[in-house]
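# No sequence on hand, only this structure:
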């Protein structure tokens, strides 16, 4: 069985993951940016009359990106104080 290559590395300080460490991660971020720009440009004229649609146009792609980053990270997300355990990097 082939080992999965992580797309994102967890942060050394704080919670979550940082910038992408593999090309697939950069592609995921680029797709997010394009989808977010397209969704906001379509919904922006209606932002005053439909604020829920505007918030949804921002929230759904952002939630999907957070899920992908969590799923494709190299270690579980938890609060870190500067050390990343070697056994988590397996």
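Structure received. Keep in mind that this is a model prediction, so the values were computed, not measured. Numbers count the residues shown, from 1 in each chain.

# make it CA atoms for all contacts and neighbour counts henceforth
Noted.

# The closest residue to residue 74 other than its chain neighbours and residue 45, how far apart?
Once flanking residues are discounted, residue 74 sits nearest to residue 6: 5.0 Å by CA to CA, 6 or more residues apart in numbering. Here residue 6 is placed at a distance of 39 Å from residue 45 (CA to CA, to the nearest Å).

# Low-confidence stretches in this structure?
Scanning the chain for pLDDT under 70 picks out the ranges 1-3, 83-90.

# repeat that with 90
1-7, 9-18, 21, 40-41, 43-51, 53-54, 73-90 (pLDDT under 90).

# quick one: furthest residue from the center of it?
The C-alpha centroid of the chain is most remote from residue 49, which lies 29.2 Å away (CA atoms, centre = their mean).

# All the strands of the chain, in order from the start?
8-10, 13-14, 17-20, 80-81 (DSSP state E).

# Out of the ones you listed, flag the one nearest residue 30.
Taking CA to CA, strand 17-20 is the member of the strands of the chain nearest to residue 30, at 11.0 Å.

# Can you list the strands that that closest one pairs with?
Paired with strand 17-20 in the same sheet, following DSSP bridges, are strand 8-10 (antiparallel).

# can you pull out the helices in the protein?
With DSSP state H as the criterion, the chain has helices at 23-43, 51-71.

# Need those in CSV (columns: mean neighbour count and distance to residue 16).
Conversion of these to CSV gives the following (neighbours: other CA atoms under 10 Å; distance: least, CA to CA, whole Å):
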stretch, mean neighbour count, distance to residue 16
helix 23-43, 15, 15
helix 51-71, 16, 8
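
# Nearest to residue 17 among those helices would be which one?
Closest among the helices of the chain, once you apply CA to CA, is helix 51-71, at 7.1 Å.

# coming back round to it: if you count surrounding residues, which of residue 6 and residue 45 has more?
Between residue 6 and residue 45, residue 6 has the larger neighbour count (other CA atoms under 10 Å), namely 19 against 11.
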